[in-house]
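1. Please find the sequence and the predicted model below.
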Amino acid sequence: MDRMIGIIGGSGVYEISGLQDARWQRVETPWGAPSDEVLTGILNGVRMAFLPRHGRGHVHTPTTVPYRANIAAMKKLGVTDLVAVSAVGSLKEAYAPGDFLIVDQYIDRTFAREKTFFEPGLVGHVSVAHPTCARLSAACVAAARTQGMTVHEGGTYVAMEGPQFSTLAESRLYRSWGADVIGMTGMPEAKLAREAELCYACVAMITDYDCWHPDHDAVDVAQVVATAMKNADKARGLVAALPGLLAGPAVDCTEGCGHALDSAIMTAPAKRDPEVIARCMPVMGRVLKG
Ligand SMILES: CSC[C@H]1O[C@H](OP(=O)(O)O)[C@H](O)[C@@H]1O
Ligand SMILES: Nc1ncnc2[nH]cnc12
């Protein structure tokens, strides 16, 4: 099998263009339906799957996005390399609206979401010390450079519950922690991708200065949408450059993403719940089979 690229599109990115044999298809998972149908097709010889995170027309709040179904749908379609595109606020002067940042760390402040595929009857713990795939992230940086984009390599994303934007005190607190950008959807997406043994990278599109910057108005949806629209073509250019950088057979990722579950499962085989095993098979089949 060859590598397959999955794209989860964030606010302002509800489709990708240029796919051969493009079709929107329904995918069902044990965790229900994903945010929308998935657009599949071929781009420059590489199989692609695109899913708008909030659904076409933006129907899901950051809390109600069906994160488990989204990751499971990508896995089920055969995706090996999953790139998330996310609109974010900047927490640093040097990261200006219109710039892109390839995230490599997260602070997870979300609290009202299902964050794991594991459940009683099948308990496991994966490492998220390095929550993104360095190989895939490097490809995203290279793809951004082919488009002449201003791209920052590595940075910490604060995932907040939302849907309200931050208070000034919160924004200042996150800055004091040294975080770089803030958004509402990066978690639990990255954690679930790790449990599903997918390579995951996050292309953060900076749309605003949140509310801490003395020279800029506090963020509102109009600002986010205007900057996202202005930069959507750049994001699409980055996506179009990925197949040329990632094409090839689906050999094990050098970063070990495809083996995240090797020593993760704690529940003794005799104590595992067959129903839970059946449910988790589409995402953890590699270690649950046999
Ligand atoms: C439209 S402003 C807030 C909204 O935008 C970001 O979405 P995404 O991460 O899917 O690009 C942010 O996380 C919020 O969900
Ligand atoms: N300032 C901000 N806070 C949270 N999510 C965002 N998405 C885009 N800008 C944001």
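-> Happy to help now that I have it. Ligands and ions are numbered 1, 2, ... in the order given.
2. what number of residues lie near residue 78?
-> 15 (other CB atoms under 10 Å). All C-beta spots, glycine's among them, are computed from the backbone N, C-alpha and C.
3. And the pLDDT for it?
-> pLDDT, residue 78: 97.
4. residues touching it, list them.
-> Residues near residue 78 by CB atoms under 8 Å, 6 or more residues apart in numbering: 1, 4, 47.
5. Skipping adjacent residues, who's closest to the first one in space?
-> Right, the one you point to is residue 1. Excluding the flanking residues, the one nearest residue 1 by CB to CB, 6 or more residues apart in numbering is residue 250, at 4.8 Å.
6. Would you mind listing what in the stretch 1-150 of the chain touches ligand 1?
-> 10, 11, 53, 54, 62, 86, 87 (CB under 6 Å from any ligand atom).
7. so what's residue 237 up against?
-> Contact analysis of residue 237 by CB under 8 Å, 6+ apart lists 146, 147, 149.
8. now residue 124: how far from residue 43?
-> Separation of residue 124 from residue 43 (CB to CB, to the nearest Å): 34 Å.
9. Comparing these two, which shows the higher neighbour count?
-> Taking other CB under 10 Å, residue 124 and residue 43 do not tie; residue 43 has more neighbours (23 against 18).
10. which SS state does the residue nearest to the more buried one when sequence neighbours are not counted fall under?
-> Computed as CB to CB, 6+ apart, the closest residue to residue 43 that is not its neighbour in sequence is residue 243, at 5.0 Å. Following DSSP: H, G, I helix; E, B strand; the rest coil, the label given to residue 243 is helix.
11. what about the residue of the chain found nearest ligand 1, how many neighbours?
-> Here the residue of the chain nearest ligand 1 is residue 10; by CB to the nearest ligand atom that distance is 2.2 Å. Counted by other CB under 10 Å, the residues lying close to residue 10 total 26.
12. mind listing what the residue lying closest to residue 244 once chain neighbours are set aside touches?
-> Nearest residue to residue 244 in three dimensions, chain neighbours excluded: residue 44, at 5.9 Å (CB to CB, 6+ apart). Counting by CB under 8 Å, 6+ apart, residue 44 makes contact with 240, 243, 244, 247.
13. Would you mind checking the residues you listed for buried ones?
-> Applying 16 or more other CB atoms under 10 Å to the contacts of residue 44, the neighbour count classes 240, 243 as buried.
14. Which of the contacts of residue 44 sits closest to residue 27?
-> residue 243 (21.4 Å; CB to CB).
15. Hmm, that closest one is touching residue 5, no?
-> Yes. Look at residue 243 against residue 5 with CB atoms under 8 Å: they come within range, at 6.6 Å.
16. which ones among the residues of the stretch 1-150 of the chain next to ligand 1 are found in helices?
-> Per DSSP state H, helices hold no members of these.
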